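A.B. asks: Give me the fold of what follows.
(2 chains)
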Amino acid sequence: MNESDGLISPPITEAEYKKSLAELSREKLIKRLVDGGISEAEATEFADEVDKDRPQAA
Amino acid sequence: MEDKKVLKKFKFPETKNPETPPQKEESLEDLKALGINTETDIKADYNRGETLVKSLEEKISSMEKIKPPVDLEKLEKNITATKDEALSKIEQEIKGAEKETTFDHLKNYDFNSPEARLVNLESASEKIQNRFNEKINPEMQSAISLVAERVFNKCRLPYALIGSNCYVPHTEYSGKIPDDLDVVFGINDLGFDPKDIDDQNHRVKNYGPGVYSDLLELENQGLVKGLKVEELTKYGGEKNGCVKVKCLIKTAGRFIEMEAFAQHMQSEIAAGEKFNGIINLGAEKQTIEVIDLNGTKVNIGSEATAEELYLKNIVNEFALYDLNGWENRSYLNAKALQRIFNVTNLDHENFESSIDKIIATIGEIDPPTPEAKTAQTVLQNLWQEFKSTEHLQGPGLVNYLLQKNQIDIKSQNETENKILSTEKAVDLITTETQTDMKYIGDKYSASKTAAEAILDSPVKSPEMIKAAIDKIKTDVQELFGLGRKYKDYSQQVDSASRRDFCVYAAIPRLRNYFIKPVIVKLEALAEKLEATL
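C.D. replies: This next block holds a predicted model:
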């Protein structure tokens, strides 16, 4: 009954994640992923998922 | 008596006997005189009678003013109640005496203490006794027997085994093998003041008889090692008066870890202290079942204790979450999943339909911190989402995980198979997600440190920069690999099968708060590195 069992915090805070999103556009993210060996379809699908976390334009 | 006298005096004149001849003829004067005398007598008698009647009337009137005689019905009731009370006291005395005989393993137990009065001590049923014998392995039994006989059965206040050694005997089907030993007992049986704990070496110099000195004795005999004590803290850091006693207990094959929690009980609560345990034995009504372990009697918590422990643990552990800015998102701690499963698997629960009830009960427990409240809401939302999500129509994640890990569950019937396979699948996903979360954290930390060192360095070679970018590419590929695995798991989930909930609940956290943000952050770092080329 160790109280800390399984309590692993996410390595990045929400604020850090938002900052990274602001630094990396959708296009840049897809390009980097594809350059790194990820298929275009998978990179696009990932970018779509990430876009949901981006601040929505007014 | 006085009335009778008055009545005797009141006589009517005697009637003359007509047959008795007159001795002498009476004269008119004589008759006149007799008439006067008779009249006087009659008047006097009349007056006396009137006085008597008045006197009686007064008596009656005064008697009417007196309160009515005692209500006999009420009196009978009082007598019956007093008799019942007396019988009840006698029965209690007899029961107390019987308990002292039945539970004579508790050598110093104060059966009349306020703490003992809150505890219902009973012999474990044959079912629980048999399960304990069958399901608790011999090494654990040996460790329990040692500390019960040499330490806890000497306590003056209630104690009980909690955790898996309490849970397993209260489930019909469980493949769980308890690997540690958890105990709760009264702070007054500890044998020292928590203020005397040396925070450096977690030991105490100034102690008296009690749990600590008994464990020290076992340590001196080589039966216990690594004895340490620490006062626990509330969420927020303030000490809460509950002392955790931790040590390893020697058995034939290995050392078994024990954590015993010395908590406030009724006397401390009455003195103004606060509850400082998840299970407040001796401060709230609880039932303890006594099992027999090869001649050594041992106290274990009841099924209700096991249920309360897991439900409160789930909510309390929410307070330990480092939400870290990720509020209002759906993620769940792996240990909480196991605890939810454990509650659904208790004897009185209907395994497949009990999650609804448990989620509702969890919502009623006071969360210790605002973060815990948020996490509590997250769990409820996650359950609603699971129930209502149409796309979760796969063949079933529990079975998928077992097949993937080539685990064949041996069972006697369908219910046992469902329970054992779910239990195993929860263990698998818990281990897998914990390993992956740690791996992602370590990988991110290493890449981030290397990238930032280059970015901050005044001297940067293109080779160094390219090497750091390539390292990030490799990391991202690995993270995508993990992402594919959990996406595959998600596609297996069948929301119509309630037993998929605990395994499903582990997945959103990993994908949303570990894999996705780390990939974005690493790519942002790679972009910065490339800009320096």
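
A.B. asks: make it CA atoms for all contacts and neighbour counts henceforth
C.D. replies: OK.

A.B. asks: what about A:D51, neighbour count?
C.D. replies: Neighbour count for A:D51, taken as other C-alpha atoms under 10 Å in any protein chain shown: 14.

A.B. asks: residues near the nearest residue to it once chain neighbours are set aside, how many?
C.D. replies: Spatial nearest neighbour of A:D51, chain neighbours left out: A:R26 (7.4 Å); criterion: C-alpha to C-alpha, 6 or more residues apart in numbering or on different chains. Residues lying near A:R26 (other C-alpha under 10 Å) number 17.

A.B. asks: now B:Q380
C.D. replies: B:Q380 has 18 neighbours, counted by other C-alpha under 10 Å.

A.B. asks: same deal with the one 4 residues further on?
C.D. replies: If you count neighbours by other C-alpha under 10 Å, B:Q384 ends up with 13.

A.B. asks: how much space is there between B:V168 and chain A?
C.D. replies: 14 Å (C-alpha to the nearest C-alpha, to the nearest Å).

A.B. asks: Quick check, the residue nearest to A:D51 in contact with A:A47.
C.D. replies: Yes - between A:R26 and A:A47 there is a contact at 6.2 Å, judged by C-alpha atoms under 8 Å.

A.B. asks: what about the helices in the stretch 51-200 of chain B?
C.D. replies: For the stretch 51-200 of chain B, the helices defined by DSSP state H, counting those that start in this stretch occupy B:72-102, B:114-117, B:126-135, B:138-150, B:164-167.

A.B. asks: what number of residues lie near residue 27?
C.D. replies: If you meant another chain, say so; for now it's chain A. Around A:E27 there are 10 other residues, counting by other C-alpha under 10 Å.

A.B. asks: you looked at the wrong chain, it should be chain B
C.D. replies: Using other C-alpha under 10 Å, B:S27 is surrounded by 9 other residues.

A.B. asks: cool, B:Y400 as well?
C.D. replies: 16.

A.B. asks: wait, doesn't it sit right on B:Q492?
C.D. replies: Yes - applying C-alpha under 8 Å, one finds B:Y400 in contact with B:Q492, separated by 7.0 Å.

A.B. asks: Skip the chain neighbours and tell me the closest residue to the residue nearest the centre of chain A.
C.D. replies: The C-alpha lying nearest the average C-alpha coordinate of chain A belongs to A:V50 (C-alpha atoms, centre = their mean; 5.3 Å). Counting by C-alpha to C-alpha, 6+ apart, B:K516 is the residue found nearest to A:V50 once chain neighbours are left out, at 7.5 Å.

A.B. asks: The one you found and A:E23, how far apart?
C.D. replies: Per C-alpha to C-alpha, to the nearest Å, B:K516 is found 15 Å from A:E23.

A.B. asks: and the residue nearest to A:V50, which of the three is it?
C.D. replies: For B:K516, the assignment made with DSSP: H, G, I helix; E, B strand; the rest coil gives helix.

A.B. asks: Distance of it relative to B:K438?
C.D. replies: Counting by C-alpha to C-alpha, the gap from B:K516 to B:K438 is 15 Å.

A.B. asks: what do you get for B:F501?
C.D. replies: Separation of B:F501 from B:K438 (C-alpha to C-alpha): 23 Å.

A.B. asks: How confident was the prediction at residue 21?
C.D. replies: I went with chain A, as the question did not name one. Here, the pLDDT recorded for A:L21 equals 94.

A.B. asks: other chain: chain B
C.D. replies: At B:P21, the model reports a pLDDT of 45.

A.B. asks: What of B:S388?
C.D. replies: We note a pLDDT of 73 for B:S388 in this prediction.

A.B. asks: which non-adjacent residue is nearest it?
C.D. replies: Nearest residue to B:S388 in three dimensions, chain neighbours excluded: B:S495, at 7.9 Å (C-alpha to C-alpha, 6+ apart).
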